[in-house]
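**Q** one predicted model, sequence on top.
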Amino acid sequence: MHLHILGICGTFMGGLAALAREAGHKVTGCDTGVYPPMSDQLRALGIELIEGFGVEQLAIKPDIWVIGNVVSRARQADGSPRFALMEAILDQGLPYTSGPQWLAEHVLQGRHVLAVAGTHGKTTTTSMLAWILEHAGLQPGFLVGGVPLNFEVSARLGNLARPLTPFVIEADEYDTAFFDKRSKFIHYRPRTAILNNLEFDHADIFDDLAAIERQFHHLVRTVPATGRLVVNGLEESVARVLHQGCWSEVRSFGATNSDFSAEGEPNHFAVLEQGHRVAQVHWEVGGVHNQLNALAAIAAAQHVGVTPAVAAAALREFRNVKRRMEVRGLAAGVTVYDDFAHHPTAMRTTIDGLRRQVGAQRILAVFEPRSNTMKLGTMKAQLPWSLEQADLAFCHAGGLGWDPAEPLRAMGDKARVAQSIQELVEQVREVAQPGDHVLCMSNGGFGGIHAKLLETLAQR
């Protein structure tokens, strides 16, 4: 089968492309504005990438067009379609499907699917769980919305010879496609599902938190009675989801009265199952949020026969994910990090994790409100709270329809705003001192700011 994927450089669609290629299918695709790590992975796989969504791609004549949710029926200012190729596919009645639908029909059939859902921590927890199962010898398949450093690829099929071989998947609540507005995870039909946390996000498609909770309950409805739900015992929103109805085994984590809890600091803690010590985790990953992610992964792995002790041993070798507190370099005594955090809660927990590592040393938080939710300004009032533990904050305001200087005014001279990446780099250069930690947070390429900061600091 020949697949041509529209929006191939998104983390999910890029992973799907890798799986299809491994399964022996011919894969091509198109997108705009690509950036690492997915563009690097696709090129390494020898997958042909075409820039843009032009109608000339009809000449490729694939067996199926796989449509990413970046594609829409939107129009340009002059009335022309933004995605001309999609309009041509519709006009000619050509066969098309969504990425999650193709995955469900061609990859997930006959597998024990372990789905990791939640507003925050999906990528990291999915990577942890996949690594635990790999360490235990289960040879799982997986699809992660990032590149786990233990594997160096975002997706693989795993051992297809064994019935019900586990497949670990990052289960996103964002919509499937312009023609299927259900959350992606509805297609996956997991036997094991993690509900890690649940906050309001994706303001471009959800009206309120209740609308997201409804989608999460649709996911709960698809888990069989013999399945397991692993739920965050600290989250009232998750409790509300379960209150709507639950038909599967439930294992909680996080709270002191949960089935799985932790005792100790995030980088060295005991794992308790119903109050009894069953394992010890000692690793280099920081932050309370990652401690919770680890408990979730341990509880999910247990459902496919991996003991907490074996899971904890695997986590000692866990190397995290690219763009999750990834050190990009050191220049003039200043360490520069890259992190994917973009929701205010994720920014706060990321800064907290770094604070626990560096103690009283200065943290310079550099961020851009790039997600659809942040661009709308829905959560702008939470910015001072999210940056509370940073010593200084620098915001890239380019392309926003609102002025971040207004909500950041509460931080006084601790916060600065720049209209361009270069201005942002100069602002950081002026104040950075040896021993500082510059934490760059964005869900995009951030204009290559990491390399620019390192170069500027080195020249100074």
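**A** Noted; the coordinates are in hand. Remember, it's a predicted structure, so these values are computed and weren't measured experimentally. Numbers count the residues shown, from 1 in each chain.

**Q** for residue 431, give me phi and psi.
**A** Dihedral angles of residue 431 (phi, psi; degrees, to the nearest 10) stand at phi -110, psi -20.

**Q** contacts only, for it.
**A** Going by Cβ atoms under 8 Å, 6 or more residues apart in numbering, residue 431 touches 364, 392. Glycine gets a C-beta too; all of them are placed from N, C-alpha and C.

**Q** distance of it from residue 388?
**A** Residue 431 sits at a distance of 19 Å from residue 388 (criterion: Cβ to Cβ, to the nearest Å).

**Q** and residue 113, how many neighbours does it have?
**A** 25 (other Cβ atoms under 10 Å).

**Q** looking at the protein, which helix or strand is least sure?
**A** Ranking every helix and strand in the chain by mean pLDDT, DSSP states H and E puts helix 372-375 at the bottom, with a mean of 65.

**Q** quick one: mean pLDDT for the helix or strand that that one is followed by?
**A** Downstream of helix 372-375, the first helix or strand assigned by DSSP states H and E is helix 383-386. Mean per-residue pLDDT for helix 383-386: 89.

**Q** could you say what helices and strands helix 383-386 packs with?
**A** Counting contacts by 3 or more Cβ pairs under 8 Å, 6 or more residues apart in numbering; DSSP states H and E, helix 383-386 is packed against helix 344-358, helix 405-408.

**Q** now, of those helices, which is deepest in the fold?
**A** Across the helices and strands packed on helix 383-386, averaging neighbours per residue (mean count of other Cβ atoms under 10 Å) puts helix 344-358 on top, at a mean of 21.

**Q** following it in sequence, what is the next regular element?
**A** strand 363-367.

**Q** circling back to that earlier point, which one of the helices and strands packed on helix 383-386 lies closest to residue 109?
**A** helix 344-358 (33.4 Å; Cβ to Cβ).

**Q** packing partners for that closest one?
**A** So helix 344-358, by 3+ Cβ pairs under 8 Å, 6+ apart, packs with helix 288-302, strand 363-367, helix 383-386, strand 437-441.

**Q** can you add mean neighbour count and give the ones you listed back as CSV?
**A** Rendered in CSV, the data for these read as follows (neighbours: other Cβ atoms under 10 Å):
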stretch, mean neighbour count
helix 288-302, 27
strand 363-367, 24
helix 383-386, 20
strand 437-441, 24
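
**Q** helices or strands next to the helix or strand where residue 176 lies in the packing?
**A** Assigned by DSSP H and E, residue 176 belongs to strand 175-177. On a contact count with 3+ Cβ pairs under 8 Å, 6+ apart, strand 175-177 meets helix 99-106, strand 180-183.

**Q** so where's the stretch 251-400 of the chain shaky on pLDDT?
**A** Applying pLDDT under 70 to the stretch 251-400 of the chain flags residues 372-376.

**Q** strands of the stretch 1-150 of the chain, residue ranges please.
**A** For the stretch 1-150 of the chain, the strands defined by DSSP state E, counting those that start in this stretch cover 2-6, 26-31, 48-51, 64-67, 96-98, 112-117, 141-143.

**Q** deepest of those strands, which one?
**A** The highest average neighbour count among those, using mean count of other Cβ under 10 Å, belongs to strand 112-117 at a mean of 28.

**Q** let me have the helices and strands packed on helix 383-386 in a markdown table, extended by distance to residue 29.
**A** Output for the helices and strands packed on helix 383-386, formatted as a markdown table (distance: least, Cβ to Cβ, whole Å):
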| stretch | distance to residue 29 |
| --- | --- |
| helix 344-358 | 29 |
| helix 405-408 | 38 |
